[in-house]
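# Kindly generate the corresponding structure for this input.
(4 chains)
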There are 2 protein chains.
Amino acid sequence: MSAQNAAPRGTTAAPASSADGGAAALKQLAGQHATGYRSVGVMVYDILKDAILSGALLPGQKLRQETLAELIGVSRLPVRSALIQLEADGLVEFHDRRGAVVKSLSPAQAKEVYDIRVLLEVEALRLTMAALTDARVARLRELGKAADRQQEGSDFVDARTEFYAELYDAEQRPVLWEMIEQLRLKVGRYVLGWRLVGDAEHSHTHEQLIEAVASGEVDRAVDVLRDHLVGVRDAVLELLEAESTAADAAAPASRGRSPR
Amino acid sequence: MSAQNAAPRGTTAAPASSADGGAAALKQLAGQHATGYRSVGVMVYDILKDAILSGALLPGQKLRQETLAELIGVSRLPVRSALIQLEADGLVEFHDRRGAVVKSLSPAQAKEVYDIRVLLEVEALRLTMAALTDARVARLRELGKAADRQQEGSDFVDARTEFYAELYDAEQRPVLWEMIEQLRLKVGRYVLGWRLVGDAEHSHTHEQLIEAVASGEVDRAVDVLRDHLVGVRDAVLELLEAESTAADAAAPASRGRSPR
DNA sequence: TCACGCTGTTCTGGATCCAAAAACCACGAA
DNA sequence: TTCGTGGTTTTTGGATCCAGAACAGCGTGA
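As a prediction, the model looks like this:
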């Protein structure tokens, strides 16, 4: 129903959108969100979130309210609402009276995120496996396949999210799930680029995980999960290091260029 | 510098403010926040947060924007900003086009909160104790005493927060601390009432904890922390059960009374 | 030549105004 | 008497307007 065209491409090093501040890509995303009724505020929120996660808006990017407003085609007010929500999510940062910018993540913080995720997700997995039905396993297989199929665009994130929501039994444990979601969000931007850096073997993770879960061997399942997370963590850290040194090199120049 | 008068009193069962929707208490709180410069939006946010945490605004309480606005003495807009932030914190809940209400916590969710807190805070404590300086210990003793002294008002929360921020080295581990803070916030409302229900022995927790930390015996410190959290958890659960049954009994009647 | 201060512009944050959806109330019919 | 229906009122959510703070560009003086 929504998009399958190439919105997030080359998100890793130098997105095509870095010059115009992601304007073009943003307009793309705005178009895709014309579905059903949601308050304009949350629509804008979704658009901006996608833009950040897909890399159309890069860390450090200044978010001028009026620009965003007319780009999306609404007034400034819902944009402000969306920015406040994004601030709470930790995706953007407000500087008193100087507006909002896309927040960046230091390597140390990224490491924290993944270390905490290991803690929480291992716990979630244990709880899940303590009471697992055949129906749930079947559904997991299904969602896992769906997630593996969707390897492009923002649907990619959604598909994976659904998979993990089922795996961790989000319905039964809303608080734990909320925490995990928050952490996933914080590193979402880097994981979308992940496929580009990482190797293909990682795509088998779902299968391995499901198999281990289905077998009922808790320890093995936990090991698979932990290995996966640590693997992604190290890849993200590598990417972040590269990015920050690249930024250090590029910053002086691009700072000097007045953005008009 | 700020207030030391008795703002939140009798928060546990039936606050005096339940009849007028916390209006009186809210005006109290509004007065106390006249300090330095913060944008009006975050000021309102702080006021409302305090109001909810102190029990001036009870779960289920409808939050009419205009009422709050003129009660605090600002326009509706910063109130909206504040409500959005509070929603992100999980303290209020938006119902599409029907406004915001103070969110309530189910016993199951409260249990989740504390179980996750055990996980995270034990980890935080371990990390802290892996590299602890004498200076930090000294500072902890100081903050601990300050926290024990402040047993009233919203400063109570702040003092304890400072203590734990130091204990868990918030500076060094911002993500982990942020997670812990969020969880503490979710149950904040019940913990403020805690002193009223709980027994006095709990007030020695700080001392025990500090002593164990200072001694360098990680396992013992972890045990103290875990015991404390589990103790509070059970007390909160008890309180929540009582509250929910009381609400079940009272709700039909108070629902019938039109709140004008 | 460089540093400093002044002035005009831009942008955020807050207030006010408007439209549409939801709740409330009263009336009427079964 | 109770349920349904129509109209009125309240209240949210969005758009527009306004004031004050930050920024940039320019000129002047050392």
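
# Identify the residues contacting stretch A:68-84?
With contacts defined as Cβ atoms under 8 Å, 6 or more residues apart in numbering or on different chains, stretch A:68-84 is touched by A:23, A:26-27, A:30, A:39-45, A:47-48, A:63, A:65-66, A:92, A:94, A:100, B:80-81, B:84-85, B:88. Quick note: C-beta positions are derived from backbone N, CA and C, even for glycine.

# for whichever residue of chain A sits closest to DNA strand C, what are its contacts?
Residue of chain A nearest DNA strand C, by Cβ to the nearest atom of the strand: residue A:99 (3.1 Å). By Cβ under 8 Å, 6+ apart, the residues touching residue A:99 are A:62-65.

# Go again with 6 Å.
Residue A:99 sits next to no residue when contact means Cβ atoms under 6 Å, 6 or more residues apart in numbering or on different chains.

# coming back round to it: and DNA strand D, which of the contacts of stretch A:68-84 reach it?
A:39-41, B:80 (Cβ under 7 Å from any atom of the strand).

# And the residue of chain A closest to DNA strand C, how far from residue A:40?
As for residue A:99, its distance to residue A:40 is 20 Å (criterion: Cβ to Cβ, to the nearest Å).

# Was I right to think residue A:214 contacts residue A:137?
Yes. Contact status for residue A:214 versus residue A:137: in contact at 5.0 Å, counting by Cβ atoms under 6 Å.

# before we move on, back to that, only whichever of the contacts of stretch A:68-84 are buried, select them in PyMOL.
Buried residues among the contacts of stretch A:68-84 (16 or more other Cβ atoms under 10 Å in any protein chain shown), as a PyMOL selection:
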select buried, (chain A and resi 26+30+40+41+42+43+44+45+47+48+63+65+92+94+100) or (chain B and resi 80+81+84+85+88)
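
# Mind pulling the model confidence for residue A:54?
Reported pLDDT at residue A:54 in the predicted model: 88.

# That one: how many residues sit nearby?
27 (other Cβ atoms under 10 Å in any protein chain shown).

# how many neighbours does the closest residue to residue A:115 other than its chain neighbours have?
Spatial nearest neighbour of residue A:115, excluding adjacent residues (Cβ to Cβ, 6 or more residues apart in numbering or on different chains): residue A:233 at 7.7 Å. Using other Cβ under 10 Å, residue A:233 has 18 other residues around it.

# in what helix or strand does residue A:233 lie?
helix A:218-256 (DSSP states H and E).

# does DNA strand D sit close to that helix?
No. Judged by Cβ under 7 Å from any atom of the strand, helix A:218-256 and DNA strand D are separated, with a smallest distance of 9.9 Å.

# tell me what that helix is packed against?
Secondary-structure packing of helix A:218-256 (3 or more Cβ pairs under 6 Å, 6 or more residues apart in numbering or on different chains; DSSP states H and E): helix A:107-130, helix A:174-197, helix A:205-215.

# So for the second one, what gets flagged as buried?
Neighbour-count burial for helix A:174-197 flags A:175-195 (criterion: 16+ other Cβ under 10 Å).

# Also the shortest one?
Taking 16+ other Cβ under 10 Å as the neighbour-count basis, helix A:205-215 is seen to contain the buried residues A:205-206, A:208-214.

# Distance of residue A:128 relative to DNA strand D?
Distance, residue A:128 to DNA strand D, using Cβ to the nearest atom of the strand, to the nearest Å: 35 Å.

# Next up, the contacts around that residue.
residue A:169.

# Out of the helices and strands in chain A, which is least certain?
helix A:23-32 (a mean of 61; mean pLDDT, DSSP states H and E).

# For the next helix or strand after that helix, which helices and strands make contact with it?
As assigned by DSSP H and E, the chain's next helix or strand after helix A:23-32 is helix A:40-54. Secondary-structure packing of helix A:40-54 (3+ Cβ pairs under 6 Å, 6+ apart): helix A:23-32, helix A:76-89, helix A:174-197.

# now do 8 Å
helix A:23-32, helix A:65-72, helix A:76-89, helix A:153-167, helix A:174-197 (3 or more Cβ pairs under 8 Å, 6 or more residues apart in numbering or on different chains; DSSP states H and E).

# Give me the angle between it and helix A:153-167.
Interaxial angle, helix A:40-54 versus helix A:153-167 (axes from the mean of the first three to the mean of the last three Cα atoms, to 10 degrees): 100 degrees.

# Keeping just the C-alphas, turn helix A:40-54 into PDB.
Output of helix A:40-54 as PDB, limited to C-alpha atoms (Å, rounded to 0.1, in the frame of the first residue of the first chain):
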ATOM      1  CA  VAL A  40      -1.800  15.900  12.000                       C
ATOM      2  CA  GLY A  41       0.600  16.000  14.900                       C
ATOM      3  CA  VAL A  42       1.300  12.300  15.000                       C
ATOM      4  CA  MET A  43       1.400  12.200  11.200                       C
ATOM      5  CA  VAL A  44       4.200  14.700  11.300                       C
ATOM      6  CA  TYR A  45       5.800  12.800  14.100                       C
ATOM      7  CA  ASP A  46       5.800   9.600  12.000                       C
ATOM      8  CA  ILE A  47       7.200  11.400   9.000                       C
ATOM      9  CA  LEU A  48      10.000  13.000  10.900                       C
ATOM     10  CA  LYS A  49      10.800   9.800  12.700                       C
ATOM     11  CA  ASP A  50      11.000   7.900   9.400                       C
ATOM     12  CA  ALA A  51      13.200  10.700   8.000                       C
ATOM     13  CA  ILE A  52      15.600  10.400  10.900                       C
ATOM     14  CA  LEU A  53      15.700   6.700  11.000                       C
ATOM     15  CA  SER A  54      16.100   6.400   7.300                       C
END
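
# Quick check: which ranges of chain A have low pLDDT?
A:1-37, A:150-156, A:193-203, A:246-260 (pLDDT under 70).

# Residue B:167 versus the residue most central in space within it, what's the distance?
Using Cα atoms, centre = their mean, the residue of chain A that lies closest to the mean C-alpha position is residue A:188, 2.2 Å off. Between residue A:188 and residue B:167 the distance is 30 Å, computed by Cβ to Cβ.

# Not counting sequence-adjacent ones, nearest residue to residue A:90?
Residue A:90 sits nearest to residue A:186 (Cβ to Cβ, 6+ apart), 5.6 Å away.

# do the same with residue A:124
residue A:168 (4.0 Å).

# can you check residue A:105 too?
Using Cβ to Cβ, 6+ apart, the closest residue to residue A:105 is residue A:186 (6.5 Å).
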